[in-house]
Structures are given as structure tokens and as C-alpha cells.
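**Student:** Build me a model from this:
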Amino acid sequence: MHRELVTPRPGWQRKLDELGFDFYTLEGKAYWTEQACYVFTSDEIDELEASTEALHEICLKAVEYVVANKLWERMRIPPAWGDYIERVWRRGDPTLVGRFDLVYDGKGPPKLLEYNADTPTALFEAAVVQWHWLKDVKPDADQFNSIHEKLIEAWRGILRRLPPEALVHFARFDTQPEDLATSEYLRDTALQAGLAGKPLAVAQIGWNGRRFTDPDEMPIQVMSKLYPWEWMIRETFGAHVLGDTTAFIEPAWKLILSNKMLLPLLWEGFPSHANLLPAFDTEHPDLGGAFARKPIFGREGHNVTVVGPGVFDTAAGDYGAEGYIWQAYQPLPVLDGNHAVVGSWVIEGKAAGIGMREDERRIAHNNSRFVPHYFAPGGDR
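**Tutor:** Numbering: from 1, shown residues only. Here you go, the predicted model:
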């Protein structure tokens with residue numbers, strides 16, 4: 001694995017605009033860059049793929065453990081919601097997509113930093129935008145990226161479970177460009193699978209006393225949402241979910257996986273697993289004084305503090321009321337002054353591709369740059 005400097009495509013901004021990717025600059029800084037790319041060997045890609053699927057497998061075991069033992073208090077989940085989560089888990093409500101954030105340098109096994117299992121973004125960039133870059137810049141190379149095809153196939157599986165007239169509502173914050181692009185991309189892949197989709201702003205969701213409705217008073221049977229479950233469980237309006245009249249993508253059992261308490265739970269269940277870092281729900285001697293403290297329901301790097309020998313970094317934010325977990329500090333690889341993190345995508349339980357993010361800081365956040373990647377055949381670079 002290494003970082004390679006490349007020449008941006010002539011008219012690259014126009015090419016991105018034509019794809020519908022219009023937020024390549026965020027808050028005055030580059031979000032997408034093609035002045036560089038990340039390069040992997042095929043062996044490294046194989047390792048990322050296998051590790052991603054191994055991690056997802058033990059995460060599903062963790063869900064079963066939480067549900068079977070009703071660990072709602074530990075997970076900071078209200079018991080009434082625990083009953084609902086158990087119901088949708090037992091009946092097998094389908095999952096579509098999630099993203100593991102991994103620390104990986106090609107020298108040791110990938111290590112799990114967290115699982116963005118509920119409302120993962122950077123999907124459109126990973127599935128489509130970097131693929132078009134590859135075709136233009138590295139047409140003879142390959143990319144770990146079957147996200148688009150796997151999404152369409154996953155939607156076809158969901159379609160088979162629904163009545164013929166079924167419609168999926170796609171709820172999101174229209175004012176947030178990355179959320180809007182992610183939701184619209186999911187809607188597009190659903191349409192390609194033959195499933196009708198209707199866009200919907202979160203603020204437009206209504207309640208008629210019996211079920212959720214859209215502004216046209218149409219009942220919402222299935223909702224693909226980019227609205228976190230941990231927000232919903234604390235809102236009065238969100239309690240209507242417990243009536244179970246709407247199916248959600250992602251389902252409520254994803255609240256267990258997007259919860260940072262998952263990390264100590266995994267370490268307890270699978271100590272010394274090759275793809276896990278030691279993690280605890282209190283500061284622990286095994287951390288050796290080097291750790292990342294993360295809020296249980298944190299998002300986008302907010303309120304994370306990194307401590308280690310000669311290292312200290314912290315990010316502000318409004319999270320942490322529910323408490324924190326402590327995870328052993330594993331430095332991100334630094335290439336050309338950039339801390340690089342691998343976002344490894346899971347579609348319907350299968351590894352589907354990666355997207356690379358980088359930042360000058362040790363703590364990645366929602367505006368950290370997205371950088372395309374490719375891999376070379378065999379073990380060569």
C-alpha cells in the first residue's frame with residue numbers, strides 16, 4: 001500500500017458535475033482530490049476483503065448476544081426499544097449497507113476502528129465517482145469496487161419480499177449535500193432493481209394517528225432513512241416507530257452495531273482477534289496509556305480524544321452524554337503527511353469495496369478528503 005501522486009484529469013470539475021457529484025469542495029476545502037491516489041496489491045485487497053467479512057460475521061454474533069441477553073442498559077438503549085429491536089432481528093428484517101472504518105498499512109492485519117452500520121455516507125463517492133476516475137486515469141488497472149452491482153442485487157432481494165405495488169420512501173436532510181447524494185444514489189440503485197422510490201425530507205414525515213405518512217398522505221410502508229437510530233429513540237415522535245407499521249432500511253438492530261459500545265463487547269467475546277483492537281467501557285491498564293476515547297453515540301469524529309506517547313489530539317462536539325468507550329490507540333498510516341483510513345463497504349453482509357479518506361489530523365471527520373484507489377495485479381506495485 002502506498003500513496004501515488006497523479007495529474008488531475010483536464011476538466012475534472014466538469015466531469016464530477018456531470019456525475020451529480022457537486023460537493024467536491026466542502027466549507028472552502030477540497031473534499032475530493034485526484035492529485036493523488038492510493039495503490040494496493042491484489043494480496044492486500046484480498047486481505048481487506050476477508051477481514052471485512054470476518055468482522056461482519058462476529059458483529060452479527062454480537063447482535064445476537066445483546067438481544068439474547070437483553071443488554072439494553074449497557075448499550076444505552078431504552079428497554080421498550082429493546083423489545084422492538086428483538087422483534088425485527090428475530091424476523092430477519094434485511095440490512096442493505098454498512099461501512100467499516102479500518103486502520104491498515106499493508107504490513108499487519110486490518111484493525112477495526114468502528115462500524116458505521118446505520119447511516120454510512122461517502123457511498124456515492126466510493127461506488128461511482130472513483131470508478132469513473134479509474135476508467136479515465138488507470139484504465140488497465142482494477143479497483144476493489146463492486147458496490148454498485150451488489151446494491152442493485154440487494155434491492156432485488158428486498159423487492160422479492162414486498163408486495164408488487166410497494167414503494168420505498170427515501171428520507172434524508174436535503175440541505176446536507178453528502179446526505180442528499182447518498183440517499184439519491186440509493187434511490188437510483190433501487191430504481192435500477194425495479195423498486196419504486198420517492199424522495200422525502202425528514203421534516204416532511206407525518207403521523208396520522210396510525211402510521212407514518214408523506215406530505216401527500218401516502219402511508220410509508222418502507223423507509224430508507226439517513227437519520228440515526230440513536231436520535232430517534234430519544235424523540236417523542238420517534239416512539240411511533242414502536243407500532244411497527246413501517247419497515248426501515250437500515251433496520252433498528254443496526255443500533256447495536258453503530259453503537260461504540262460494540263467495540264468492548266467484541267473484545268470481550270473475541271479477545272485477541274486479529275482484526276480487533278482492545279476496547280473497554282472504562283479506562284483500562286491493558287491500554288498501556290495509549291488510547292482513543294470515543295463517545296458511545298458519537299458521529300464524524302466529534303468528541304474523540306487520542307492519547308499516546310508524545311501524542312494528543314481531541315475534537316470538539318456535542319456528543320458524550322451517554323458515556324464513552326476506550327479503545328487501544330493504533331496510529332493511522334501517514335503517507336505524504338496524511339493520515340489515511342480505509343472505509344470498507346459491506347453490502348448485504350458481503351465485502352463490496354473500499355473508499356480511502358485522508359486528513360492532516362489523526363482524527364478523521366466528515367470533511368476529510370476522499371481519495372480514489374486502484375490495485376495492481378499479483379503482488380507487484
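
**Student:** average pLDDT across the helix ranked longest in the chain?
**Tutor:** Of all the segments assigned as helix in the chain under DSSP state H, the longest by residue count is helix 42-69. Helix 42-69 comes out with an average pLDDT of 98.

**Student:** Do I have it right that Pro333 meets Leu102?
**Tutor:** No. In terms of C-beta atoms under 8 Å, Pro333 does not count as a neighbour of Leu102; the distance is 11.0 Å. (Each C-beta comes from the backbone N, C-alpha and C, glycine too.)

**Student:** neighbour count winner among the two?
**Tutor:** Leu102 (23 against 19; other C-beta atoms under 10 Å).

**Student:** Report the contact partners of the more buried one.
**Tutor:** The contact partners of Leu102, taken as C-beta atoms under 8 Å, 6 or more residues apart in numbering, are 48, 51-52, 110-113, 275, 341-344.

**Student:** switch to 7 Å and redo it
**Tutor:** Each residue near Leu102 by C-beta atoms under 7 Å, 6 or more residues apart in numbering is listed here: 110-113, 342, 344.

**Student:** how about the strands in the stretch 251-381 of the chain?
**Tutor:** Under the criterion DSSP state E, counting those that start in this stretch, the stretch 251-381 of the chain contains strands at 279-280, 291-295, 305-308, 311-314, 324-328, 334-335, 338-347, 350-359, 369-371, 373-376.

**Student:** Considering the ones you listed, which stretch scores lowest in mean pLDDT?
**Tutor:** strand 311-314 (a mean of 86).

**Student:** Which elements pack onto that one?
**Tutor:** strand 305-308 (3 or more C-beta pairs under 7 Å, 6 or more residues apart in numbering; DSSP states H and E).

**Student:** Need the residues that contact the strand it packs on.
**Tutor:** Outside strand 305-308, the residues within contact range by C-beta under 7 Å, 6+ apart are 290-293, 312-314, 329, 362-363.

**Student:** Go ahead and produce CSV holding the CA coordinates of stretch 207-218.
**Tutor:** C-alpha atoms of stretch 207-218 as CSV (Å, rounded to 0.1, in the frame of the first residue of the first chain):
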residue,chain,number,x,y,z
TRP,A,207,-48.1,10.7,11.6
ASN,A,208,-51.9,10.3,11.0
GLY,A,209,-52.5,8.6,14.3
ARG,A,210,-52.0,5.1,12.9
ARG,A,211,-48.9,5.2,10.8
PHE,A,212,-46.2,7.4,9.2
THR,A,213,-47.2,9.3,6.1
ASP,A,214,-45.6,11.6,3.5
PRO,A,215,-46.9,15.1,2.5
ASP,A,216,-49.4,13.5,0.1
GLU,A,217,-50.9,11.5,3.0
MET,A,218,-49.5,8.3,1.5
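
**Student:** Return the set of buried residues in it.
**Tutor:** Using 16 or more other C-beta atoms under 10 Å as the test for burial, stretch 207-218 gives 212-214.

**Student:** All the helices of the stretch 201-350 of the chain, residue numbers only.
**Tutor:** Remark: helices assigned in the stretch 201-350 of the chain by DSSP state H, counting those that start in this stretch are 229-232, 254-257, 262-269.

**Student:** most packed of the ones you listed?
**Tutor:** Greatest average neighbour count among these goes to helix 254-257 (a mean of 26), per mean count of other C-beta atoms under 10 Å.

**Student:** The least confident helix or strand in the chain by mean pLDDT pairs with which strands, and in what direction?
**Tutor:** Each helix and strand of the chain was given a mean pLDDT (mean pLDDT, DSSP states H and E); the minimum falls on strand 311-314 at a mean of 86. Applying DSSP bridges, strand 311-314 is found paired with strand 305-308 (antiparallel).
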